[in-house]
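S.K.: Task: produce atomic coordinates for the following.
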Amino acid sequence: MLSVPTVALLFVCFIVALFCSVGVIERPRELVWWQGTVLAMLSAWALIWRDRRRKRDWDDVTHVELRDGTIAFLPRRMMRNQGWATARSPFPVGSGLECHVATGDRYFTGDHGQTLLKSLWIVRPDRTRHSLLSDVVGLDLRAMVTNLGNSGISFRVINVYDGQEGEHTETDITAQYVEAPRRSLVPISVLLGTSNLWLGALVSALTHNVVYVAAIGVAGFATMAVVSQRSKTSKRSALVHVATHIPSYAAGYAFAVIVVWYIFKK
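M.R.: Prediction:
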C-alpha cells in the first residue's frame, strides 16, 4: 500500500496533469503545456517508484507472524488504537492455516454472492481445526497465499455457505487468490472498468451521429458485461449484477461523448 503522503502528492500530480492536458488540447502549439504534462507524469512515476522501494514498517501492516512454534495475528497500529487485539495460538510443526470466507445470499437463495465474515483457522497435523480469529480484517489474502506457500506452509481460502434450510457447503477458492493471475488481469480490469470513458471519447471523436454513438455504446456495454462475468456465477445473479451497472456505465459514456463534442465544437 502507498503511504498517505505519497497518495496526496499523486493526487496533486493528477490535477496538474489534468490541467496541462486541457492546455495541450486548447493550445497544442504552446510547448509549456506539453512540458507540464510530461513533468507531472514523471513525478507520479518517481513517487510510486520511491514508495515501493522504501523499507516496510511492519507496524503499519496487518500481518500473520510465525515464531517459536506459535502463530499470531498482528493488527496494524491504527487497528490497535481502535481496539483490535493480537490473537496468538500454538502452531505445531506440520500445521496449516485456513481463511474461511462465510458467504450468504445477496439477491436470492443460493446466490453465495455476499461476504459476511472472514475467520482464520489452524489445521493441526491430525487434521483438526482450531480457531485463531473469528473476525479477520485487513489481511491481504493474495499476499498470504504467495508468502506462506513460499515458506512451505499450507494455506487455503475456503468459501463457507450456510443456506436458509440448514445446508452447509465448503468450497476451496484458493486458486482465485494466486498472485500471478492477478498481475496479468490488472490491465484487463482497468481497461474494462474505464471502457465507457475511452470508448465514448473515441466514438464521439470519429462521428457526431447520435444513432451511431448510441448503438456503439450499447454494443460496448454488452461486450464488457459478457467478458467481466465469471463462469461460476449463476445466470440470475449475473443478470442482476449487469443491470445494476447500466446507469453508471451510461452516465460515464454520455459524459465522455458530451465533453469531446464540446471540445471539438470550440
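S.K.: helix, strand or coil for T109?
M.R.: In the three-state summary, T109 is assigned as coil, counting by DSSP: H, G, I helix; E, B strand; the rest coil.
S.K.: okay but it is in contact with E167, surely?
M.R.: No. Under the criterion of CB atoms under 8 Å, T109 is not in contact with E167, lying 10.3 Å apart. C-beta: built from backbone N, CA, C; applies to glycine.
S.K.: how far away is the residue of the chain most remote from its centre from M41?
M.R.: In the chain, the residue that sits farthest from the middle, by CA atoms, centre = their mean, is R29; the gap is 39.3 Å. The span separating R29 from M41 equals 20 Å under the rule CB to CB, to the nearest Å.
S.K.: a helix runs through L199, doesn't it?
M.R.: Yes. Residue assignment for L199, taken from three-state DSSP, places it within a helix.
S.K.: contacting residues for the closest residue to A85 other than its chain neighbours?
M.R.: Across the structure, with CB to CB, 6 or more residues apart in numbering as the measure, the residue nearest A85 apart from its sequence neighbours is P75 (7.6 Å). Each residue near P75 by CB atoms under 8 Å, 6 or more residues apart in numbering is listed here: T62, W84, A85, T86, V137, G138.
S.K.: at 7 Å instead, please
M.R.: With CB atoms under 7 Å, 6 or more residues apart in numbering as the criterion, the residues that contact P75 are T62, W84, T86, G138.
S.K.: Format these as a markdown table; extra columns: pLDDT.
M.R.: Shown next, in a markdown table, are the contacts of P75 (pLDDT from 0 to 100):
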| residue | pLDDT |
| --- | --- |
| T62 | 87 |
| W84 | 85 |
| T86 | 88 |
| G138 | 85 |
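S.K.: quick one on the thing from earlier: the residue farthest from the centre of the chain: what secondary structure?
M.R.: With three-state DSSP as the criterion, R29 reads coil.
S.K.: where in the stretch 151-266 of the chain is pLDDT low?
M.R.: Screening the stretch 151-266 of the chain residue by residue with the criterion pLDDT under 70, one finds the ranges 179-191, 227-238, 241, 265-266.
S.K.: Could you list the domains of the chain?
M.R.: In the assignment given by automatic domain parsing, the structural domains of the chain cover 4-54, 59-177, 182-265.
S.K.: Could I get the full set of strands for the stretch 101-250 of the chain?
M.R.: With DSSP state E, counting those that start in this stretch as the definition, the stretch 101-250 of the chain shows strands at residue ranges 114-123, 129-133, 155-162, 168-172.
S.K.: hang on, the earlier thing: mind checking pLDDT for the residue nearest to A85?
M.R.: Model confidence at P75, expressed as pLDDT, equals 89.
S.K.: for L197, what are its contacts?
M.R.: Applying CB under 7 Å, 6+ apart to L197 gives the contacts G252, A256.
S.K.: Distance of it relative to D57?
M.R.: 36 Å.
S.K.: Quickly find the element holding E98.
M.R.: Applying DSSP states H and E as the criterion places E98 in strand 96-104.
S.K.: Can I get that strand in CSV? Just the C-alpha atoms.
M.R.: What follows is strand 96-104 as a C-alpha-only set of coordinates in CSV (Å, rounded to 0.1, in the frame of the first residue of the first chain):
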residue,chain,number,x,y,z
GLY,A,96,-1.5,-25.3,8.1
LEU,A,97,-3.7,-22.2,8.0
GLU,A,98,-7.1,-21.7,6.5
CYS,A,99,-9.2,-18.5,6.0
HIS,A,100,-12.9,-19.2,6.0
VAL,A,101,-15.0,-16.7,4.0
ALA,A,102,-18.6,-17.0,5.1
THR,A,103,-21.0,-16.0,2.4
GLY,A,104,-24.8,-15.5,2.1
